[in-house]
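Asker: predicted model, plus sequence, below.
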Amino acid sequence: AQTVTQSQPEMSVQEAETVTLSCTYDTSESNYYLFWYKQPPSRQMILVIRQEAYKQQNATENRFSVNFQKAAKSFSLKISDSQLGDTAMYFCAFRVYQGAQKLVFGQGTRLTINP
Amino acid sequence: EAQVTQNPRYLITVTGKKLTVTCSQNMNHEYMSWYRQDPGLGLRQIYYSMNVEVTDKGDVPEGYKVSRKEKRNFPLILESPSPNQTSLYFCASSTRQAANTGELFFGEGSRLTVL
């Protein structure tokens, strides 16, 4: 069974700083997808970034980028120039390439951006 | 506007009183799914559906039922709610292709409290 672990329950940084959220996962599969979802206080789940395991290049979306280390089964999210609107719960998630039609989520990291 | 709509958004009920949480999407998506979110556990899949009249269990289906009689609707039924079903519930939908890559559209969540 696949598991996803986020070891940082809460983080807090000042506006404009860079912050990195950690995520590790466990799987025996070789093909899979990894995601970071954002859940602001409105509770809406929003896809931030996606990484396909067969791609060596790390995904980037504007101020958001990932550090994907396949051998170490690590998938961290870096937020550059953090903004107040980045305050949210962040979930790391995993999906096998073929098979069960579900996302496996980590426990979440509550990120607070302070003015 | 493309959206996944859940109702009710908030509900307090008592043990044993049957309830239904509705979910409707206006994007003609084949795939729909229910997750529950609990502190420290992230989101866990309850049931999913790949198309009309096709449903399957997720990781935590006990105590829940679903149906998919129409493509746009995927209600979650709690026949005899218990306090351990107190949780935040999310409905999600996607095209079949996007479901394979894990990119889901989420509803705004339904906060359920069972006394």
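Answerer: Here it is on my side, so go on. Numbers count the residues shown, from 1 in each chain, chains lettered A, B, ... in the order given.

Asker: what packs against the lowest-mean-pLDDT helix or strand in chain B?
Answerer: The element with the least model confidence among the helices and strands of chain B, by mean pLDDT, DSSP states H and E, is helix B:96-101, at a mean of 74. On a contact count with 3 or more CB pairs under 8 Å, 6 or more residues apart in numbering or on different chains; DSSP states H and E, helix B:96-101 meets strand B:31-38, strand B:42-51. Bear in mind the C-beta positions are built from the backbone N, C-alpha and C, glycine included.

Asker: which of the ones you listed is buried the deepest?
Answerer: strand B:31-38 (a mean of 24; mean count of other CB atoms under 10 Å in any protein chain shown).

Asker: tell me the mean pLDDT for that one?
Answerer: Averaging pLDDT along strand B:31-38 yields 95.

Asker: any chance you could list what contacts that strand?
Answerer: Outside strand B:31-38, the residues within contact range by CB atoms under 8 Å, 6 or more residues apart in numbering or on different chains are A:101-102, A:105, B:23, B:25, B:43-51, B:58, B:60, B:64, B:66, B:68, B:74, B:76, B:87-96, B:98-99, B:104, B:109.

Asker: quick one, that strand and strand B:42-51 angle?
Answerer: Following axes from the mean of the first three to the mean of the last three CA atoms, to 10 degrees, one obtains 160 degrees for the angle between strand B:31-38 and strand B:42-51.

Asker: for the residue most central in space within chain A, give me its contacts.
Answerer: Among the residues of chain A, the one closest to the centroid is A:Trp36, at 3.2 Å (CA atoms, centre = their mean). Residues near A:Trp36 by CB under 8 Å, 6+ apart: A:21, A:23, A:47-49, A:64, A:66, A:77, A:90-93.

Asker: if we can go back for a sec, now the buried members of the contacts of strand B:31-38.
Answerer: Burial by neighbour count, 16 or more other CB atoms under 10 Å in any protein chain shown: within the contacts of strand B:31-38 this picks out A:101-102, A:105, B:23, B:25, B:43-49, B:58, B:60, B:64, B:66, B:68, B:74, B:76, B:87-94, B:99, B:104, B:109.

Asker: for A:Thr109, which residues make a bridge with it?
Answerer: Judged by DSSP bridges, the bridge partners of A:Thr109 are A:Tyr90.

Asker: show me where chain A has strands.
Answerer: For chain A, strands defined by DSSP state E occupy the ranges A:3-5, A:10-14, A:19-21, A:24-26, A:32-39, A:46-52, A:60-61, A:64-69, A:74-79, A:88-96, A:104-105, A:109-114.

Asker: redo the ones you listed as JSON lines? Include mean pLDDT.
Answerer: Listed next are the strands of chain A as JSON lines, based on pLDDT from 0 to 100:
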{"stretch": "strand A:3-5", "mean pLDDT": "94"}
{"stretch": "strand A:10-14", "mean pLDDT": "97"}
{"stretch": "strand A:19-21", "mean pLDDT": "98"}
{"stretch": "strand A:24-26", "mean pLDDT": "96"}
{"stretch": "strand A:32-39", "mean pLDDT": "94"}
{"stretch": "strand A:46-52", "mean pLDDT": "93"}
{"stretch": "strand A:60-61", "mean pLDDT": "94"}
{"stretch": "strand A:64-69", "mean pLDDT": "96"}
{"stretch": "strand A:74-79", "mean pLDDT": "98"}
{"stretch": "strand A:88-96", "mean pLDDT": "93"}
{"stretch": "strand A:104-105", "mean pLDDT": "92"}
{"stretch": "strand A:109-114", "mean pLDDT": "97"}
